[in-house]
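Trainee: Could you look at this predicted model? Sequence included:
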Amino acid sequence: MPTVKVYNMAGEVVGEVELSAAVFGVEPNEAALHASVRSHLANVRQGTQSALTRAEVSGGGIKPYRQKGTGRARQGSIRAPHYTHGGIAFAPKPRDYGFSLNKKVRRLALKSALSQKAVDEAIIVVDGLEMNETKTKTFKTFLNAVGAGKKPLVVTPAVNENVVRSARNIPGVRTTIATILSAYDILNADTFIVDKAALQKIEEVYA
């Protein structure tokens, strides 16, 4: 089983903890990770791009000139795509780009991301990740003390408003809770900082 050090809020090592091999010791599945990242990025796309087709732009209700005898190419409307102010050919319309993955693939992707962080030695376990007040400076000192890097993902067992508010103004820092982990967020983070209680919850849910 992988073993990682446990730190306190001052950045001091206070012990060690063994990670569950069923969650943090699986062989990373690149196909599942790729599908999970694609799904995440597709689901966050707004899909609001829109343009007018020739049927939707105003004007062009009459034939601009007669069919024959002018020496010019025949035209039926001045709102055809090749005209200035004409409609757009194959105009984009609002659509939903999202797609879903089945539960087994999502779970495999999450385990693969966590296992990769364990292989990279980028998991930091904190014994009691608590903030008594909303203080960005204090939280930044904590991150520096444990060697969080530029883009840490901080995981708590439940929503902790003081932690969320203290971290949200620090560039690159993301916070989440143990029950809504995302493989994309884990892969995108430099380090995975997790409260010891949240770690137990992750192992209970995903083992």
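Mentor: In hand now; what should we look at?

Trainee: what about the strands in the protein?
Mentor: 3-7, 13-18, 123-126, 152-156, 174-177, 191-195 (DSSP state E).

Trainee: Could you point out which residue ranges in the protein have low pLDDT?
Mentor: Within the chain, the stretches with pLDDT under 70 are 1.

Trainee: Which parts of it are helices?
Mentor: In the chain, the segments counted as helices under DSSP state H are 21-24, 30-43, 103-119, 136-146, 161-167, 183-188, 196-206.

Trainee: Now tell me what touches the fourth one from outside.
Mentor: Residues from elsewhere that reach helix 136-146, judged by Cβ atoms under 8 Å, 6 or more residues apart in numbering: 7, 9-11, 124, 126, 131, 152, 163, 166-167, 169-170, 173, 193. Heads up, the C-betas are built off the backbone N, CA and C, glycines and all.

Trainee: Domain ranges for the protein, per the record?
Mentor: If you go by automatic domain parsing, the domain ranges for the chain are 3-45+100-206, 50-93.

Trainee: how about the ones you listed in a markdown table, adding mean neighbour count?
Mentor: Formatted as a markdown table, these follow (neighbours: other Cβ atoms under 10 Å):
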| stretch | mean neighbour count |
| --- | --- |
| domain 3-45+100-206 | 17 |
| domain 50-93 | 12 |
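
Trainee: and of the strands of the chain, who's closest to residue 74?
Mentor: strand 174-177 (59.5 Å; Cβ to Cβ).

Trainee: Neighbouring strands of that closest one in the sheet, and parallel or not?
Mentor: Under the criterion DSSP bridges, strand 174-177 sits next to strand 152-156 (parallel) in its sheet.

Trainee: what angle do the partner strand and helix 136-146 make?
Mentor: 110 degrees (axes from the mean of the first three to the mean of the last three Cα atoms, to 10 degrees).

Trainee: so strand 152-156 versus helix 103-119, what angle?
Mentor: Using the same axes, to 10 degrees: strand 152-156 against helix 103-119 is 120 degrees.

Trainee: now strand 152-156 and helix 196-206, what's the angle there?
Mentor: 80 degrees.

Trainee: ok, now which ones touch the closest residue to residue 124 other than its chain neighbours?
Mentor: Nearest residue to residue 124, sequence neighbours excluded (Cβ to Cβ, 6 or more residues apart in numbering): residue 193, at 4.6 Å. By Cβ under 8 Å, 6+ apart, residue 193 lies in contact with 124, 126, 129, 143, 146, 148, 152-155.

Trainee: and with 6 Å instead?
Mentor: Residue 193 makes contacts with 124, 152, 154, as judged by Cβ atoms under 6 Å, 6 or more residues apart in numbering.

Trainee: Adding distance to residue 54, write the helices of the chain out as a markdown table.
Mentor: Compiled in a markdown table, the helices of the chain are given as follows (distance: least, Cβ to Cβ, whole Å):
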| stretch | distance to residue 54 |
| --- | --- |
| helix 21-24 | 56 |
| helix 30-43 | 30 |
| helix 103-119 | 42 |
| helix 136-146 | 54 |
| helix 161-167 | 50 |
| helix 183-188 | 40 |
| helix 196-206 | 53 |
